[in-house]
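Student: return a 3D structure for these sequence lines:
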Amino acid sequence: MTSRERMHTAMHPDEGRPDRVPVMCQLALGHYFRHAGLDPIDVWHDSAVFAEALLRLQRAYRFDGILVNLPGRRGDWRRFIRSIEDRGTRRIIHWPNGRVTVAWPDENPRVICDATGRGFAPAPADVDPDKLFYVEPHDLAGLTYPTTWGFDSDPAEPGAEFFPPWHWDTLKAVRAAAPDVSVHGEVFSPFSQWIELVGCAAGMLAIVDDRVKVHACLARLTAGAIALALGHLAADADAVLISSAYAGAGLISREHYRQFVLPYERALIEAVKASYPDRAVYTHTCGAIGDRLELMVDTGTDGIDTLDPPPLGTVDLADARARLGPRIFIKGNVDPVNTLLRGSPEDCSRDARERIRIAGADGGYVLSSACSVSPRTPRANVEALVRAALEAA
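Tutor: Numbering: from 1, shown residues only. Now for the predicted structure:
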């Protein structure tokens, strides 16, 4: 099997078993900054350079899949730079609209307003649902409301023309260069978009204080997530990952999950599957999700990603496999901190073999770190995962 075929079979358990358990970790952006041999500023801001970073580390680690987890960029982004200054380990990029980007060598850049020194976040009371479509916190100029792309002066119109054509440039470049590798696009879930827009504390309070408005906003953000997901698949992505990072038990209850997450992710998944029934849609939720696995299945998702084990989360892999049943594929459960970051290659290999033993025998499992591989994780530890999968075949 090619890597693309192997991942497809693992993500569609009803179609049989792959020739071995596939391996695909989500790497932190800082891991690309440290290990791809490219300028971190270019990796973050340039479609072609980010595509090259994705490809270099996929080849180095021999992963079966690549997650394209930044939007494409406009090709002339460099002309907007006013200046770049060095401040020790940081570089500060000055843009024409009074915003600055603080860029670190191994962390996500942060766009702040130069006058305040803070990131942009409207108050929930100031958000008009009719002006929402999709919230993109990783745009060139950071988060905006209403959404403008880069340094455009006019907001993007909600609807078919909302996303600019270059939004898929990175995904298309990776697909062209790696035809035998499984390539995945990412969308933020409606609830994640809401939290990214107004901030975690304000967003969580609003689901209690102003739930009618929150529901109206989530409905609008679902339409944008659908449009973006369909764009990924039209660009020949093999699968779409729904990033639902704020939906674990450490942040919201099961009841709030049922009200504010489940119906909107279900609508998103149903719309995508209506147009692309053969492509996988799966859900990434970090942390403590052991109490809501069945609720996640109720969204119609094809798979569940991370499955953080204790002490980071609350998922026992054998229990999850038994509860989720044969239809749902699962991905993850290797501790990214205590095993991958702090352990030895032997620790990583031993842990990987155990995950394969528990969940890989009947297919429907992708070996992966539970959440992102951190920037300073030793490369030898990541390489040990693929070796373990090859040895177990």
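
Student: only C-alpha atoms for contact and neighbour calcs from this point on.
Tutor: OK.

Student: partners of the lengthiest strand in the chain, with directions?
Tutor: Counting residues, the longest strand found in the chain (DSSP state E) is strand 182-188. Strand 182-188 pairs in its sheet with strand 65-68 (parallel), strand 239-243 (parallel), by DSSP bridges.

Student: so who does the nearest residue to residue 316 once chain neighbours are set aside touch?
Tutor: In space, and not counting its chain neighbours, residue 316 is closest to residue 309: 6.1 Å by Cα to Cα, 6 or more residues apart in numbering. Counting by Cα atoms under 8 Å, 6 or more residues apart in numbering, residue 309 touches 315-317, 333-335, 370.

Student: quick check: residue 309 vs residue 253, distance?
Tutor: Residue 309 sits 19 Å away from residue 253 when distances are taken as Cα to Cα, to the nearest Å.

Student: before we move on, what about residue 225?
Tutor: For residue 225 relative to residue 253 (Cα to Cα), the value is 23 Å.

Student: of those two, which one has the most company?
Tutor: Using other Cα atoms under 10 Å, the more surrounded residue of residue 225 and residue 253 is residue 225, with 26 against 14.

Student: just the element for the more buried one, please.
Tutor: Residue 225 is part of helix 211-234, with elements assigned from DSSP states H and E.

Student: packing partners of that helix?
Tutor: If you count contacts as 3 or more Cα pairs under 8 Å, 6 or more residues apart in numbering; DSSP states H and E, helix 211-234 packs onto strand 182-188, helix 190-198, strand 239-243, helix 262-275.

Student: sorry, back to before: including mean neighbour count, mean pLDDT and distance to residue 209, could the strands paired with strand 182-188 go into JSON lines?
Tutor: Shown next, in JSON lines, are the strands paired with strand 182-188 (neighbours: other Cα atoms under 10 Å; pLDDT from 0 to 100; distance: least, Cα to Cα, whole Å):
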{"stretch": "strand 65-68", "mean neighbour count": "24", "mean pLDDT": "98", "distance to residue 209": "36"}
{"stretch": "strand 239-243", "mean neighbour count": "24", "mean pLDDT": "98", "distance to residue 209": "25"}
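
Student: can you redo those as TSV with distance to residue 87?
Tutor: Output for the strands paired with strand 182-188, formatted as TSV (distance: least, Cα to Cα, whole Å):
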stretch	distance to residue 87
strand 65-68	30
strand 239-243	33
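
Student: follow-up on the earlier one: residue 114 is nearest to which of the helices and strands packed on helix 211-234?
Tutor: When the helices and strands packed on helix 211-234 are compared by Cα to Cα, helix 190-198 sits nearest residue 114, at 18.8 Å.

Student: buried stuff in the closest one?
Tutor: The neighbour-count check on helix 190-198 (16 or more other Cα atoms under 10 Å) flags 190-198 as buried.

Student: let's have the residues you listed in TSV, adding distance to residue 354 and pLDDT.
Tutor: Below are the buried residues of helix 190-198 laid out as TSV (distance: Cα to Cα, whole Å; pLDDT from 0 to 100):
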residue	distance to residue 354	pLDDT
190	35	98
191	34	98
192	32	98
193	35	98
194	38	98
195	36	98
196	36	97
197	40	97
198	41	97
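
Student: of all these, which comes closest to residue 164?
Tutor: Nearest to residue 164 out of those is residue 193 (Cα to Cα; 18.7 Å).

Student: now residue 385: how far from residue 359?
Tutor: 15 Å.

Student: these two - which one has more neighbours?
Tutor: Applying other Cα under 10 Å to residue 385 and residue 359 shows that residue 385 carries more neighbours, namely 31 against 23.

Student: ok, now how distant is that one from residue 277?
Tutor: Taking Cα to Cα, one finds residue 385 at 31 Å from residue 277.

Student: likewise for residue 130?
Tutor: Separation of residue 130 from residue 277 (Cα to Cα): 30 Å.

Student: cool, residue 219 as well?
Tutor: From residue 219 to residue 277 the distance is 23 Å (Cα to Cα).

Student: tell me which residues touch residue 323, please.
Tutor: For residue 323, the contacting residues are 293-294, by Cα under 8 Å, 6+ apart.

Student: tell me which element it is part of?
Tutor: Using DSSP H and E, residue 323 maps to helix 317-324.

Student: got the contact list for the helix or strand that that helix is followed by?
Tutor: With elements assigned by DSSP H and E, the helix or strand that comes after helix 317-324 is strand 329-332. Here strand 329-332 makes contact (Cα under 8 Å, 6+ apart) with 10-13, 25, 302-308, 321, 364-371.

Student: give me that answer again for 7 Å
Tutor: 10-11, 13, 302-307, 364-370 (Cα atoms under 7 Å, 6 or more residues apart in numbering).

Student: turn the buried residues of helix 190-198 into a markdown table, including distance to residue 283.
Tutor: Formatted as a markdown table, those follow (distance: Cα to Cα, whole Å):
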| residue | distance to residue 283 |
| --- | --- |
| 190 | 12 |
| 191 | 13 |
| 192 | 12 |
| 193 | 15 |
| 194 | 17 |
| 195 | 17 |
| 196 | 17 |
| 197 | 20 |
| 198 | 22 |
